[in-house]
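**Q** fold the following.
(chains A and B)
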Amino acid sequence: MTTPGDARDQILARIRAATGPEGTANGRAGPAGSVDEGYAALPRDYLSAHHDPARCDIVDLFAERAADYRAVVERVRTDDLPAAVARILAERWGRAARPVPFVIPDGLPAQWLAAVPAAVQLTSDTPPLSAAELDTMAGVVTGCAVAIAETGTIILEHGPGSPGQGRRALTLVPDFHLAVVLAAQVAADLPEGFARLNPARPHTLISGPSATSDIELIRVEGVHGPRQLHVLLVPPETEIAT
Amino acid sequence: MSTPVGAPHPAMPTYLGMPAFPAVAAAAVADSQLRANLAHATRTIRAKRAGAVAELADWEELRAAGKAIKDHTLAHLDHYLLRLEENVTAAGGHVHWAQDATEANAIVADLVRAAGTDRVVKVKSMATQEIGLNEALAAEGIAVLETDLAELIVQLGHDRPSHILVPAIHKNRAEIREIFLREMPDAPPGLTDDPRALAAAARAHLRQAFLSAKVGISGANFAIAESGSLVVVESEGNGRMCVTLPETLISVVGIEKVLPSWRDLEVFLALLPRSSTAERMNPYTSIWTGVTPGDGPQEFHVVLVDNGRTSALADRTGRQALRCIRCSACLNVCPVYERTGGHAYGSPYPGPIGAIISPQLRGIGSPADASLPFASTLCGACYQVCPVAINIPEALVHLRAKVVDAKREKILSPERAVFGVSGRVLRSARLLAGAQHAAWLGGRLVARSGRIRRLPWPLSAWTDTRDAPAPPRESFRAWWARTRGTG
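**A** A predicted model of the protein is given here:
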């Protein structure tokens, strides 16, 4: 058997032998910057956004695209957000045969939950719930870090310093996910969206409820992740001043 | 034992011993159920992909960027792998290197044992299929639960995957229901063949396993050198379960999966879902960097696997196969794949991309691998849809030449004799005219209604699989000479 260090050295030696003069092998004497310069010069002639935010309402686009993948999308004014959250949670609570609590991640704005009726139970994730406990939850309410209009995607940024989005398991194990997306969080497309994220943190990109196309390539929503995704979209205030 | 640089490594043990492509393909083509399942599925996905791609006016620019980023990374692969290692380690992960399948499997088995368990949950990954991880772990007494719906169908059916994205594409809903009822102890007795009901049965079957798993195993679609982040692209949520809930996560990653920087995701997350499932974005993508206190696995290992990739890297023409992001668009447009299905390719990598990856990872020593570069009509549809512009026909022709060169030292074949004579005849106008006349005479003897259906051996090797039109009475050259004068 080779020792672990051997395998590493062998693979790197084989790579250097294979890439030859154009590769790093010969450029090794030069500054490490030469590889970075080559990278910086790569062609990137693609569009930074497929819908120009100056000419298209990207908040509308996000709503339409998220709905395409069977997320339920509702637009609500900031003032009406607490009532909308309360209505959705109470409705699910009332329908359940045996009512169980919703889990609320740390740092979710208290205002969003201000109108939830006292009868509807909410549970904090501090101290952290076990996976088995999460499996008994009725659902989860979160915000998000970024939303991508072009693809109808919600991006959660997890870990300390990203409030209101919870550990990854919170939006995975419960069967229902209510996500609040603010207009300012909507990016036109992937380049802008990814530039807003912190690579050191874990991320979950969510485009509609979980789905599979493994049987005859027919799309079925709802496999292991939440089977229902409900999005409350809060448009810019100026737009709804009617 | 240390292996010298440049020596071949044993690769992909799972499928060795498979007969050559034509033998398996003949049986597959005769299976009308298989052909119906494949034709239905590939036709559906082809049309959807075309629609998803047509939505983006700059698709060609995205493709060009994807190709350029991959080529740059491959040319500096040592640099980026070392950067990846440094950043994964800095974020609390552990990096292991494996030259071949045997080393990779041994590393994973040791890590699972060290975690104190003999059961793991696993999300579908091509690299783990390639190295035969499930079989290797089973031999060590470790049970692997496949959690992707299609992989579960394949595992329960004691079958082999036949498609990169949809491993059970060769089974229809009725066949899948049969497998579930037979092999899944907790399948509901009244299970119907509605895809919704089948997916719900899989959800219930896997739930407890996810919630109690100590070790999860994944691959990765991308590994970001700059940040040490790994990316898993999926649909069902089983991937999220596997990379989030267990205490220990082991990710097995081919060395060509590395990308230089975070920003590159804006290109590859535009290219992959549209090419693969024909969606603007797949339902779930998980991205994580090392270990995050209080969130997800607190022990994280990356196993970087060579397993023949450095051999492919050394081949200037063949190297482009390493750009592959495993989207499977080339399978869905291939007229050969549509008729034979994936099993005929004798490898976890079927279809056009498999025909250029497998012979490069494993070498062209076996009849199966030597036959793969010929499993194509060279129509070029695969090249056209490839999101990283792999010129598959070019690589196929290049590998064909290698196979022919390897055979050249061997005995004289009828094919070589025929081409030897043809060469001489085609060099001489007089000999060619004589041969054309002789062909017309000969054609009259064997043709029926203007078609030649069967020729005597060794020419029967040609007519066994195709008809030929009878040679015309007059060749073009003779006609030209007769009607245009001088000749």
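**Q** identify the residues contacting the residue in the stretch 151-300 of chain B that chain A sits nearest to.
**A** The minimum distance from the stretch 151-300 of chain B to chain A, using CB to the nearest CB, falls at B:G237 (2.8 Å). Glycine gets a C-beta too; all of them are placed from N, C-alpha and C. Contacts for B:G237 (CB atoms under 8 Å, 6 or more residues apart in numbering or on different chains) come out as A:L172, A:S210, A:V223, A:H224, A:G225, A:P226, B:P283, B:Y284.
**Q** give me phi/psi at the residue most central in space within chain A?
**A** The centroid of chain A falls nearest to A:I155 when counting by CA atoms, centre = their mean (2.2 Å). Note on A:I155: backbone dihedrals following degrees, to the nearest 10 are phi -110, psi 120.
**Q** do I have it right that it meets A:A145?
**A** Yes. The pair A:I155 / A:A145 is scored as a contact, 5.3 Å apart, by CB atoms under 8 Å.
**Q** which neighbours do the two share?
**A** Shared contacts of A:I155 and A:A145, counting by CB under 8 Å, 6+ apart, come down to A:L197, A:H203.
**Q** about what we covered before: the closest residue to the residue of the stretch 151-300 of chain B closest to chain A other than its chain neighbours sits in which helix or strand?
**A** Residue nearest to B:G237 in three dimensions, not counting chain neighbours: A:G225, with 2.8 Å by CB to CB, 6 or more residues apart in numbering or on different chains. Assessed by DSSP states H and E, A:G225 sits outside every helix and strand.
**Q** neighbours around the nearest residue to the residue nearest to the centre of chain A once chain neighbours are set aside, how many?
**A** Spatial nearest neighbour of A:I155, excluding adjacent residues (CB to CB, 6+ apart): A:V146 at 4.5 Å. Counted with other CB atoms under 10 Å in any protein chain shown, the neighbours of A:V146 add up to 21.
**Q** contacting residues around the residue of chain A found nearest chain B?
**A** Using CB to the nearest CB, A:G225 is the residue of chain A that sits closest to chain B, at 2.8 Å. A:G225 makes contacts with A:L172, A:P209, A:S210, B:E236, B:G237, B:R240, B:P283, B:Y284, as judged by CB under 8 Å, 6+ apart.
**Q** buried sites along the longest helix seen in chain B?
**A** Longest helix in chain B, counting residues (DSSP state H): helix B:32-54. Buried residues in helix B:32-54, counting neighbours by 16 or more other CB atoms under 10 Å in any protein chain shown, are found at B:34-35, B:37-38, B:41-42, B:44-46, B:48-49, B:52-53.
**Q** so which of those are also by chain A?
**A** B:N37, B:A41, B:T44, B:I45 (CB under 8 Å from any CB of the partner chain).
**Q** and of the buried residues of helix B:32-54, the nearest to B:R63?
**A** Among these, B:V53 lies closest to B:R63 (CB to CB), at 9.6 Å.
**Q** pLDDT wise, what is that closest one at?
**A** pLDDT recorded at B:V53 is 97.
**Q** could you report the pLDDT at residue 155?
**A** In the absence of a named chain, chain A is used. Confidence score, pLDDT, at A:I155: 98.
**Q** hmm, I had chain B in mind actually
**A** pLDDT, read off for B:Q155, is 93.
**Q** burial of it, as a residue count?
**A** 21.
**Q** next one: B:S422
**A** When neighbours are defined as other CB under 10 Å, B:S422 has 12 of them.
**Q** swap in the one 5 residues further on?
**A** As a burial measure, B:R427 scores 9 neighbours (other CB under 10 Å).
**Q** residues contacting it?
**A** Taking CB under 8 Å, 6+ apart as the definition, B:R427 has no contacts.
**Q** residue boundaries of the helices in the stretch 151-300 of chain B?
**A** For the stretch 151-300 of chain B, the helices defined by DSSP state H, counting those that start in this stretch occupy B:173-183, B:195-212, B:238-244, B:265-276.
**Q** out of those, deepest packed?
**A** Ranked by mean neighbour count, the helices of the stretch 151-300 of chain B are led by helix B:238-244 with a mean of 28 (mean count of other CB atoms under 10 Å in any protein chain shown).
**Q** show me where chain A has strands.
**A** Taking DSSP state E to define them, one finds strands in chain A at A:72-75, A:102-104, A:122-124, A:139-142, A:146-148, A:153-157, A:176-182, A:186-187, A:203-206, A:211-212, A:220-221, A:228-234.
**Q** those strands into CSV, with extra columns for distance to A:V35?
**A** Putting the strands of chain A into CSV (distance: least, CB to CB, whole Å) gives the following:
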stretch, distance to A:V35
strand A:72-75, 44
strand A:102-104, 46
strand A:122-124, 48
strand A:139-142, 39
strand A:146-148, 30
strand A:153-157, 29
strand A:176-182, 39
strand A:186-187, 30
strand A:203-206, 26
strand A:211-212, 39
strand A:220-221, 44
strand A:228-234, 41
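**Q** for B:Q155, find the nearest of those strands.
**A** Closest of the strands of chain A to B:Q155 is strand A:211-212, at 15.6 Å (criterion: CB to CB).
**Q** what residues does the stretch 101-250 of chain B have near chain A?
**A** Residues of the stretch 101-250 of chain B lying near chain A (CB under 8 Å from any CB): B:103, B:106, B:147-150, B:153, B:166-169, B:172-173, B:176, B:195-196, B:198-200, B:202-203, B:206-207, B:210-212, B:224, B:226-227, B:229, B:235-238, B:240-241, B:244-245.
**Q** show me the domain layout of chain A.
**A** A:4-40, A:58-240 (automatic domain parsing).
**Q** turn those domains into a markdown table, columns for distance to B:G434.
**A** Listed next are these as a markdown table, based on distance: least, CB to CB, whole Å:
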| stretch | distance to B:G434 |
| --- | --- |
| domain A:4-40 | 51 |
| domain A:58-240 | 56 |
